[in-house]
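[1] Give me a 3D structure for the following:
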Amino acid sequence: MMTMINPNVESLLKRLLGPEKTDFLFKTLNVPTILTDWEDGTVTRAELAQAMNMVLFEGLLTRSPNGRTYTDEATANGGSVYFDHGALRTVRWTHNGALPPGEAAFTRILRPLGFIPNGRYPLDKLGMTGRAYVHDDAPDEIAQFFLSELHPERFSESFQQAVTNVLSTSKDPLTPLAVSQLWELEREGLLPLEAAHALLPVIVGAFARQHDVPSVVDYETLLAESAEMAWIATEGNAFNHATDRVDNVFDLSDNEKAKGRPMKREVEHSRSGRVFQTAYRADTIERELRAADGSTVKRQVPGSFYEFITRKRKFDQDKRKWVTDLRFDAGNAQGIFKMTASATNNAEK
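    Numbering: from 1, shown residues only. Below you'll find the predicted structure:
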């Protein structure tokens, strides 16, 4: 079957990523049906949201070799990836440099793009809160965001000081021009193509580490109490994971384990009985840390990972029809988050 290509999204991707990666993404990812209608030269919020998600997915694959292998195998066998959601971590802390605290750094991007809140999930075992954001124009087809905030006040004073030391150097990736373009997008629901070309690399750049290289001492202090905060120290606000929505996550898990892939031992079940998740363990990467004498040292740390989800349908009483259950589950999320714990700290079940 021929892949449908929205020319506005194609134009955005080609200028930022080049034709080869653009072609790969269109062949790999599901294309929302809302994008079958377009106007040349004018980019809607749904088109820009989809373009951003596609770029972020490609970036995740550069940091997750296991995810890249899975994706390449899926497409080689004639399949594709249904991009369900991406996840990122923030810190709700006043000493955050020039970056707005917590999820506010991203809701100012997501809201103009058309994303709306879709649930709050206490992650108390991790000292975090998760919130989901779904696209209002195509909730079932444009990938959601699972945006979490870590709460340093729930940890020790030494931990809080280390958080301040790390985050106080944060820069704000949004330029004044980008802020004005996001405001126009929120007001009008669309942008001229050239404005969208200028905005896309800026908002993609927000999904990265905005603070300086952390010190060894601060990293060790954070790691002792929170593997999640230690991950943020080295990776910042990069995509923590991207997720493929599959028909049967149990079969997929068994197949991937048979291949020797580093899969989570058990599939997570939601309390509703409609959402099931599993994942690869995070790929190990090398990052620099700052030693006491000012020199840099390299350390093997957990990076990003690739997740899989199966969503059952539920009957919507208001709409009187069956719809995909797009919710998440706090228990599932806390189990999945353990995929970025280091090998020595990973007590994954």
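[2] List the buried residues for whichever helix or strand Thr62 is part of?
    If you go by DSSP states H and E, Thr62 is part of helix 45-63. Residues of helix 45-63 classed as buried by neighbour count (16 or more other C-beta atoms under 10 Å): 45-61, 63. Every C-beta, even on glycine, is put in place using the N, C-alpha and C of the backbone.
[3] Packing partners of that helix?
    Using 3 or more C-beta pairs under 8 Å, 6 or more residues apart in numbering; DSSP states H and E, the elements in contact with helix 45-63 are helix 7-17, helix 19-28, helix 65-76, strand 83-91, helix 104-113, helix 193-205, strand 241-245.
[4] by how many degrees do that helix and strand 83-91 diverge?
    80 degrees (axes from the mean of the first three to the mean of the last three C-alpha atoms, to 10 degrees).
[5] Run the chain-centre distance for helix 45-63.
    10 Å (C-alpha atoms, centre = their mean, to the nearest Å).
[6] quick one: the helices in the chain?
    7-17, 19-28, 45-63, 65-76, 104-113, 157-167, 176-188, 193-205, 216-225, 227-235, 249-258, 330-337 (DSSP state H).
[7] who's in contact with the shortest one?
    Under the criterion C-beta atoms under 8 Å, 6 or more residues apart in numbering, residues 121-123, 125-126, 128, 130, 146, 148, 228, 240-241, 264, 268-271, 275, 277, 279, 307, 348-349 lie in contact with helix 330-337.
[8] mind listing what's buried in that helix?
    Taking 16+ other C-beta under 10 Å as the criterion, helix 330-337 shows Ala330, Asn332, Ala333, Gln334, Gly335, Ile336, Phe337 as buried.
[9] which residues pair with the closest residue in space to the first one that isn't next to it in sequence across the strands?
    Across the structure, with C-beta to C-beta, 6 or more residues apart in numbering as the measure, the residue nearest Ala330 apart from its sequence neighbours is Tyr121 (4.3 Å). Applying DSSP bridges to Tyr121 yields these beta-bridge partners: Gly130.
[10] burial count for Tyr121?
    When neighbours are counted by other C-beta atoms under 10 Å, Tyr121 registers 19.
[11] Correct me if wrong: it contacts Leu147.
    No: the criterion here is C-beta atoms under 8 Å, and Tyr121 misses it with Leu147 at 10.3 Å.
[12] what do the two both touch?
    Joint contacts of Tyr121 and Leu147 (C-beta under 8 Å, 6+ apart) are Gly130, Arg131, Ala132.
[13] Tell me the pLDDT of the second one.
    Looking back up the chat, that one is Arg131. Looking at Arg131, its pLDDT is 97.
[14] what's the answer for Glu348, then?
    36.
[15] Go through the helices of the chain and name the closest to Asn96.
    helix 157-167 (5.0 Å; C-beta to C-beta).
[16] ok, and for the closest one, which residues are buried?
    Under 16+ other C-beta under 10 Å, the buried positions of helix 157-167 are Phe159, Gln160, Ala162, Val163, Thr164, Asn165, Val166, Leu167.
[17] Next: stretch 192-211.
    193, 195-197, 199-200, 202-204, 206-207, 209-211.
[18] Quickly note the distance from Ala104 to Phe207.
    Plainly put, Ala104 is 15 Å away from Phe207 if you go by C-beta to C-beta, to the nearest Å.
[19] about what we covered before: kindly provide the whole-number mean pLDDT of the helix holding Thr62.
    97.
[20] Sounds good, over and out.
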